[in-house]
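Peer 1: Next one to model:
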Amino acid sequence: MSAKDKHIITVYEHDCIKYDPHFYGKKITEEQFKALEKYHGSGTLYYSLVYKGVQFNAYVGVIQVGNLTIEVLPKIDRKNGDAYWRNILLNMLKRIGFINVSATSKSDLKLKSNSILDLYFELFLNEAESLLHKGLIKQYRKKEENISALKGSLNFAKQISKNIVHKEKFYVQYTTYDREHPLNKVIYKTLLLIQKINTNSTLQSKVGALLLNFPEMPGIFVDEAFFDTITYNRKTEVYKPAISISKLLLLQFHPAISSGKHHVLALMFDMNLLWERFVFVSLKKYLPNAIVTAQSAKPYYKLNGHKVVRLVPDIHVSTADGEYIIDTKWKLPANNKPAHADLQQMYAYTKYFNSTKTILCYPGVKDEIKEGGFYGEITPVEAYRCSVMTIGLESYGDNIGDWMKGIGERFGEVV
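Peer 2: Coordinates of the predicted model:
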């Protein structure tokens with residue numbers, strides 16, 4: 001696939017794209033829709049199927065379908081444009097650790113497009129280049145082969161079955177020390193994948209140079225269980241950043257459905273979880289004299305023969321003045337009024353965690369804090385304190401550090 005074939009569509013969460021000629025929004029081909037339809041059938045939550053198209057859900061990131069790259073951006077509103085929200089998303093991912101900034105191996109990223117997919121590719125290629133420079137790890141392994149010189153020990157059973165005619169051959173087994181380590185195989189497999197699906201001309205020569213210098217490796221099957229079994233030691237610790245990106249790319253790649261033109265690769269992030277993590281990291285850094293913990297669960301109920309179900313608030317803040325439970329929601333509520341289900345959840349948190357106050361936190365255009373309370377069980381008075389807080393993110397511009405500091409300051413006013 002050449003760079004000139006690259007096609008990019010930028011949309012926002014909850015937008016639609018269709019192959020319907022009468023549709024006024026962003027368009028795809030029917031073949032591309034069929035690839036997305038097949039991928040949706042595997043259980044993806046990233047989008048829903050609609051008439052002649054798909055509608056994106058509360059996930060952001062990038063989906064590549066053949067030579068089409070669909071970039072899905074977050075939004076509060078669209079007045080700042082694609083470049084603003086692309087920059088915001090990338091910086092949020094970096095600040096919360098979804099993009100490992102240290103993985104650049106002390107090399108500056110050179111890409112100008114800053115698309116998420118290209119950025120992950122470049123991070124991986126930088127890591128692979130660094131591993132080659134430092135020297136790939138080796139390991140001892142047992143090997144069997146039919147050769148013309150006696151080496152190691154002779155396998156008599158296979159010598160008789162395979163070399164009864166070829167007396168000049170020896171079927172031997174021996175121990176060798178080489179680079180056919182599982183981690184090297186994963187790196188090689190990822191390089192081949194990037195070579196296959198990369199559409200960025202800036203990266204093409206780098207992929208080619210790495211494959212030219214990287215020793216050819218046999219194939220390796222990878223799945224979630226394989227990556228779960230990987231353990232690192234002093235020698236292999238340097239592989240961690242590259243393997244983490246390999247896992248992301250290899251497990252999210254779905255090969256072409258038929259003709260070889262419409263593979264699917266999705267790097268998508270749940271915007272609700274991203275916002276929750278971003279608020280947590282901001283409070284950890286900018287809320288002084290407080291203990292901030294994420295998802296501190298308590299047992300909630302248990303049915304005989306079943307596992308315990310736990311109640312898990314997003315963020316728990318403990319200060320000298322009390323205990324505060326924070327529930328984060330990325331999507332703004334209709335008419336600026338929290339949904340009944342969200343309020344009921346807050347009430348459960350209030351009672352079960354005996355919190356001084358529960359806080360429901362949204363992003364928004366301007367800062368706003370509304371104080372309130374839940375009625376007591378016996379008397380109709382506001383016995384339990386609660387707040388609904390909107391963080392006016394756009395008032396901080398495009399500086400993500402200012403966003404984080406602003407979140408800490410806003411919460412400092414209510415805890």
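
Peer 1: At the geometric centre of this structure, which residue do we find?
Peer 2: Closest residue to the average C-alpha location of the chain: Phe269 at 5.4 Å, with C-alpha atoms, centre = their mean.

Peer 1: my guess is that residue contacts Met92, does it?
Peer 2: No: Phe269 is beyond contact range of Met92, at 9.0 Å (criterion: C-beta atoms under 8 Å). Backbone N, C-alpha and C define where each C-beta goes, glycine included.

Peer 1: Heading C-terminal from the helix or strand where Leu131 lies, find the next helix or strand.
Peer 2: For Leu131, the host element (DSSP states H and E) is helix 116-134. Next helix or strand after helix 116-134 toward the C-terminus (DSSP H and E): strand 139-147.

Peer 1: Next secondary structure after that following strand?
Peer 2: Downstream of strand 139-147 (by DSSP H and E), the next one is strand 153-154.

Peer 1: Any idea how far that next one is from the middle of the chain?
Peer 2: The chain centroid and the centroid of strand 153-154 are separated by 49 Å under C-alpha atoms, centre = their mean, to the nearest Å.

Peer 1: for that strand, packing partners?
Peer 2: strand 170-178 (3 or more C-beta pairs under 8 Å, 6 or more residues apart in numbering; DSSP states H and E).

Peer 1: Partner strands of the strand it packs on and their direction?
Peer 2: strand 139-147 (antiparallel), strand 153-154 (antiparallel) (DSSP bridges).

Peer 1: average pLDDT for the next helix-or-strand element following it?
Peer 2: Once the chain leaves strand 170-178, the next helix or strand it forms, by DSSP H and E, is helix 182-197. In this model, helix 182-197 has an average pLDDT of 93.

Peer 1: now what about helix 182-197, what contacts it?
Peer 2: Residues outside helix 182-197 that contact it (C-beta atoms under 8 Å, 6 or more residues apart in numbering): 1, 64, 121, 124-125, 128, 131, 136-137, 203, 207-208, 210-211, 214-220, 222, 230, 236, 239, 242-243, 245-246, 249-250, 253, 263, 265.

Peer 1: among these, which are in strands?
Peer 2: Assigned to strands by DSSP state E, the following of those qualify: Gln64, Phe253, Leu265.

Peer 1: Now tell me which of those the prediction trusts least.
Peer 2: Out of those, that is Phe253, at 82.

Peer 1: Can you list the buried residues in stretch 189-206?
Peer 2: Neighbour-count burial for stretch 189-206 flags Lys189, Thr190, Leu191, Leu193, Ile194, Ile197, Asn198, Thr199, Asn200, Leu203, Gln204, Lys206 (criterion: 16 or more other C-beta atoms under 10 Å).

Peer 1: I misspoke; the intended subject was stretch 269-282.
Peer 2: Applying 16+ other C-beta under 10 Å to stretch 269-282 flags 269-271, 273-282 as buried.

Peer 1: can you tell me which two in these are farthest apart?
Peer 2: Asp270 and Ser282 (18.0 Å; C-beta to C-beta).

Peer 1: Compute the distance between Leu119 and His40, please.
Peer 2: 25 Å (C-beta to C-beta, to the nearest Å).

Peer 1: Pick out whichever of these two has more residues nearby.
Peer 2: Between Leu119 and His40, counting by other C-beta atoms under 10 Å, Leu119 is the more crowded of the two (19 against 16).

Peer 1: hang on, the earlier thing: now, the contacts of helix 182-197 that are in helices?
Peer 2: Judged by DSSP state H, the contacts of helix 182-197 include 121, 124-125, 128, 131, 203, 207-208, 210-211, 242-243, 245-246, 249-250 as members of helices.
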